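Chemist: got a structure for you, letters missing:
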């Protein structure tokens, strides 16, 4: 497995989200949004993208961790931890004091994120979204 600091291609992104069970996104949205990533990591094996993760945000105040996905054939091998380790390193190097990093955690992935210092915001704050 090879770790690459790069933005996934549109096809890699859409495929990994779908096969990993994440909600499907549009090709148009991916074309517009992916280039705006603050940081991205792609795991490759034999030239194929098998995992990914991204950080989006304004780069100074708010950082949002998103698109953590590992191909089902490669889950359980520590690849999610590898992705989060790269993201944690990026955040530690680039977050100014008092900046905030957020993510939405699906169960049971919340246990993975907790290993990297993420805590539940509830009950003081609750995640909300407009879809």
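Modeler: Happy to help now that I have it. Computed from a prediction, not measured in an experiment: that's the story for all the values here. Residues are numbered from 1 along each chain as shown.

Chemist: report the longest helix in this protein, please.
Modeler: helix 79-94 (DSSP state H).

Chemist: That helix packs against which elements?
Modeler: Using 3 or more Cβ pairs under 8 Å, 6 or more residues apart in numbering; DSSP states H and E as the contact test, the elements touching helix 79-94 are strand 39-45, strand 48-57, strand 62-70, helix 110-114. Bear in mind the C-beta positions are built from the backbone N, C-alpha and C, glycine included.

Chemist: please redo it, this time with the cut-off set to 10 Å
Modeler: strand 2-4, strand 39-45, strand 48-57, strand 62-70, strand 100-102, helix 110-114 (3 or more Cβ pairs under 10 Å, 6 or more residues apart in numbering; DSSP states H and E).

Chemist: and of those, who's closest to residue 89?
Modeler: strand 39-45 (9.5 Å; Cβ to Cβ).

Chemist: Paired strands for the closest one, with orientation please.
Modeler: strand 2-4 (antiparallel), strand 48-57 (antiparallel) (DSSP bridges).

Chemist: hang on, the earlier thing: which of the helices and strands packed on helix 79-94 sits closest to residue 27?
Modeler: That would be strand 62-70 among those, by Cβ to Cβ, at 15.0 Å.

Chemist: Now the lowest-mean-pLDDT helix or strand in the chain: buried residues?
Modeler: Within the chain, no helix or strand scores below helix 110-114, which has a mean of 85 by mean pLDDT, DSSP states H and E. Buried residues in helix 110-114, counted by 16 or more other Cβ atoms under 10 Å: residue 113.

Chemist: who's in contact with residue 118?
Modeler: By Cβ atoms under 10 Å, 6 or more residues apart in numbering, the contact set of residue 118 is 65, 84, 88, 101-103, 105, 110, 112.

Chemist: go with 7 Å
Modeler: residue 103 (Cβ atoms under 7 Å, 6 or more residues apart in numbering).

Chemist: hang on, it in a helix?
Modeler: No. Judged by DSSP: H, G, I helix; E, B strand; the rest coil, residue 118 forms no part of a helix; its state is coil.
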